[in-house]
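Colleague: just the structure for this:
(4 chains)
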There are 2 protein chains.
Amino acid sequence: MTLNVLSNRYAVAVPVTQSDVALRAGVSRALVSLVFRDATNVSDQSRARVLLAAEELGYRPNMLARSLASKKVRTIGVLLNDITNPFFVSMYVELSDAAQDAGYDVLVGPGLRSVAQERTLLGTLLGHRVAGLILISPLMKASELNRIIAGYPAVSIARDMNLDGADFVTNDELVGARLGVRHLVDLGHERIVHLSGGFSRSAVHRKRAFLRAMSELGLAGSARVIEGDFTEEAGRSAAREIIRCRADETAIFASNDLVAVGAMGVLEASGVRVPEDVSVLGYDNSVISDLQMISLTSIEQPLRDFGRASIRLLLERIDGERDTRVSLEFEPRLIVRRTTARRAIR
Amino acid sequence: MTLNVLSNRYAVAVPVTQSDVALRAGVSRALVSLVFRDATNVSDQSRARVLLAAEELGYRPNMLARSLASKKVRTIGVLLNDITNPFFVSMYVELSDAAQDAGYDVLVGPGLRSVAQERTLLGTLLGHRVAGLILISPLMKASELNRIIAGYPAVSIARDMNLDGADFVTNDELVGARLGVRHLVDLGHERIVHLSGGFSRSAVHRKRAFLRAMSELGLAGSARVIEGDFTEEAGRSAAREIIRCRADETAIFASNDLVAVGAMGVLEASGVRVPEDVSVLGYDNSVISDLQMISLTSIEQPLRDFGRASIRLLLERIDGERDTRVSLEFEPRLIVRRTTARRAIR
DNA sequence: TCGTCTCATTAGCGCGCGCTAATGCTTCGC
DNA sequence: GCGAAGCATTAGCGCGCGCTAATGAGACGA
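Modeller: Numbers count the residues shown, from 1 in each chain, chains lettered A, B, ... in the order given. Below is the predicted model:
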């Protein structure tokens, strides 16, 4: 590490208030307030003088004071658990974009899969009196969460819990599973193994959806599940298991892209070709699935829709336009790439 | 899209203030304030009664009012441009983590590589009177940026511009280039092509560092540069170029991992084996380089150090402990994986 | 010239909390 | 029993701005 001292001049920011602007413009403070609130009943002349003075002084309305006085906060709090998951981060990007369009700032509480931390973060967000909360895959028990966010406008994403205070946005797992299973079956596969994401709610839902989609096609008997979690290592481990016991499955339906990629890595290293010997299907359509070297067929979760819809639902509640609790399910899409192919006759 | 109405009960949050707590605890409002500021001179009995009342009412100090009154804001603003770059996002994660440890919240201004948007976001952050600014790879002209952030504590990451008001944190490009070049040369490579990230400052720096590292080893004559940008497509395009003109380079030093992966995809699709026929080296050591299917040798930028150092520098300035401008350069590390190998004799 | 009507402008309170000088209450020593 | 000393508590102003009732200034007709 190298440290260089570049100079020793530091200006200090001078806080400029409405009073300063009023003084310079030769009007009352309240008039400055009116101008910055775009109120009517201000002569063009006065308005111009105020704006000029503000520009000259570098004045910016103090959001803190404004929120305090108006009792309206233009900030949305996002609880993001966990931040190391690229899928959730992409979600956040969309959310932030949508919020910005609606004229709201976003205050993030980025967590690392710890309930205790989640508690702290929620406290911070509520301390800021955010206008509403977006909860991305929260870990906390529903009862506690309900108590904490009681009365706050809130939307929960990717976790369908009993939050009596929150609306809910997710993707339709059953549709996703059907898309994937049907695609594989259309390619001639029958024996399909699901690499489960473990015992979190979303993982369990995805697994159930897979099993149901299989049995809908009369393939309940040839469906198999290997438990794991949502990591690449879980995919690798599952692939080793598959190879070790000479499984006769010809297709893999992974619970997310990372798991799929992990499995592919081990398979190819062991001489099992994808998709010639075995087809692999991911979930999420995350950035890695689109890399040419990976080119993973995947189920796309409509992140953009999630983001837009969440903000919209939240604003409806913030503005009091709706007093019913609502859940939205978006349909995922199949993105076919190069890891799935017709089953080889062997 | 499916919409379900789940219920029609919505509680409304009742804002609880210090006065409410004071009333319930049977004390004055100021005493409640003292308790929540951990002041001395409060009897244990009073403290307990206040805390109990607060708990019962679900009171939380209002950060807005607190910041306004104390003139101290415990929020740091982060200008993040651009948010679609995973490298910058990882940086943000580290920053956010470090800030949290220091007891600060983080307000993000997530940009999409637009100067106009950057202006707006900075305005928002300053409107919130954040205690300090972290600028991740800002696009704006130095002169304008200087004017806007004048007097504000600020740290710039990954852009070594003339910001007289900001400290500066980056990785030592020359060290990184030397690590990469020396690694390849040690493996017997001499003719090395650099896939440049284009004409942004950091890309130009990286290119220059590459050329300098080459000439230090007496290989100036066998160094080549293909211009591009920081995307996967740029890597693909460069690889096509390399194949088309039957280039005799045996190693590729890409300006980042995404570019490297793009190049590898095209090379392998064209029958050029990595690393048997050509070695490929990335930069950043981002998540994708560690995927087993990719396993890209890369130069690791010490993100964690970046994050910690940035926050530390910023706090030093916020707390007025330092009035000199400072720049920090961290040394990157070489992470050897499977895309680089000894040059084949052909 | 005077009163009325209209509209731009202002005075002043409130938002929730930080902070300090002043107040009230104990306790103690002599 | 009295004053001093030590603490716990309170009253009250200020932070920067939103908001409304009240004020002032013109414009107009009679």
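Colleague: export stretch A:314-326 to PDB, keeping only CA atoms.
Modeller: The C-alpha trace of stretch A:314-326 is given here as PDB (Å, rounded to 0.1, in the frame of the first residue of the first chain):
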ATOM      1  CA  LEU A 314     -45.700   0.200  -2.300                       C
ATOM      2  CA  LEU A 315     -46.600   3.600  -3.700                       C
ATOM      3  CA  GLU A 316     -50.300   2.600  -3.800                       C
ATOM      4  CA  ARG A 317     -50.100   1.900  -0.100                       C
ATOM      5  CA  ILE A 318     -48.000   5.000   0.800                       C
ATOM      6  CA  ASP A 319     -50.500   7.200  -1.000                       C
ATOM      7  CA  GLY A 320     -53.400   5.300   0.600                       C
ATOM      8  CA  GLU A 321     -54.900   4.300  -2.700                       C
ATOM      9  CA  ARG A 322     -55.500   0.800  -1.500                       C
ATOM     10  CA  ASP A 323     -56.100  -0.800   1.800                       C
ATOM     11  CA  THR A 324     -56.300  -4.500   0.800                       C
ATOM     12  CA  ARG A 325     -53.400  -6.900   0.900                       C
ATOM     13  CA  VAL A 326     -52.300  -8.100  -2.500                       C
END
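Colleague: starting at the chain centroid, how far to it?
Modeller: Stretch A:314-326 sits 20 Å away from the centroid of its parent chain (Cα atoms, centre = their mean, to the nearest Å).
Colleague: repeat for stretch A:184-203
Modeller: On Cα atoms, centre = their mean, the centre of stretch A:184-203 falls 23 Å from that of its chain.
Colleague: kindly report the same for stretch A:305-325.
Modeller: Counting by Cα atoms, centre = their mean, stretch A:305-325 comes out at 16 Å from the chain centroid.
Colleague: for stretch A:119-128, same thing?
Modeller: Stretch A:119-128 has its average C-alpha position 19 Å from the chain's average C-alpha position, going by Cα atoms, centre = their mean.
Colleague: my read: residue A:27 touches residue A:50, true?
Modeller: Yes - assessed by Cβ atoms under 8 Å, residue A:27 is found in contact with residue A:50 at 6.5 Å. For every residue, glycine as well, the C-beta is placed using N, CA and C.
Colleague: which SSE is whichever residue of the stretch 51-200 of chain A sits closest to DNA strand D in?
Modeller: Proximity to DNA strand D, evaluated over the stretch 51-200 of chain A using Cβ to the nearest atom of the strand, is greatest for residue A:69 at 3.0 Å. Using DSSP states H and E, residue A:69 maps to helix A:63-70.
Colleague: with residue A:22 instead?
Modeller: Assigned by DSSP H and E, residue A:22 falls in helix A:18-25.
Colleague: please save the CA atoms from the helix holding residue A:69 in CSV.
Modeller: This file holds the C-alpha atoms of helix A:63-70, laid out as CSV (Å, rounded to 0.1, in the frame of the first residue of the first chain):
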residue,chain,number,x,y,z
MET,A,63,-34.3,17.1,2.8
LEU,A,64,-34.1,16.3,6.5
ALA,A,65,-35.8,19.5,7.6
ARG,A,66,-38.2,19.2,4.7
SER,A,67,-39.2,15.7,5.6
LEU,A,68,-39.5,16.7,9.3
ALA,A,69,-41.7,19.6,8.6
SER,A,70,-43.9,18.1,5.9
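Colleague: so the helix or strand following that helix, near DNA strand D or not?
Modeller: Using DSSP H and E, the next helix or strand after helix A:63-70 towards the C-terminus is strand A:75-80. No - residues of strand A:75-80 contacting DNA strand D under Cβ under 7 Å from any atom of the strand: none, with a closest distance of 14.7 Å.
Colleague: show me the contact partners of strand A:75-80.
Modeller: With contact meaning Cβ atoms under 8 Å, 6 or more residues apart in numbering or on different chains, strand A:75-80 is reached by A:67, A:88-89, A:92, A:95-96, A:99, A:104-111, A:118, A:121-122, A:125-126, A:128, A:130-136, A:138, A:311, A:314.
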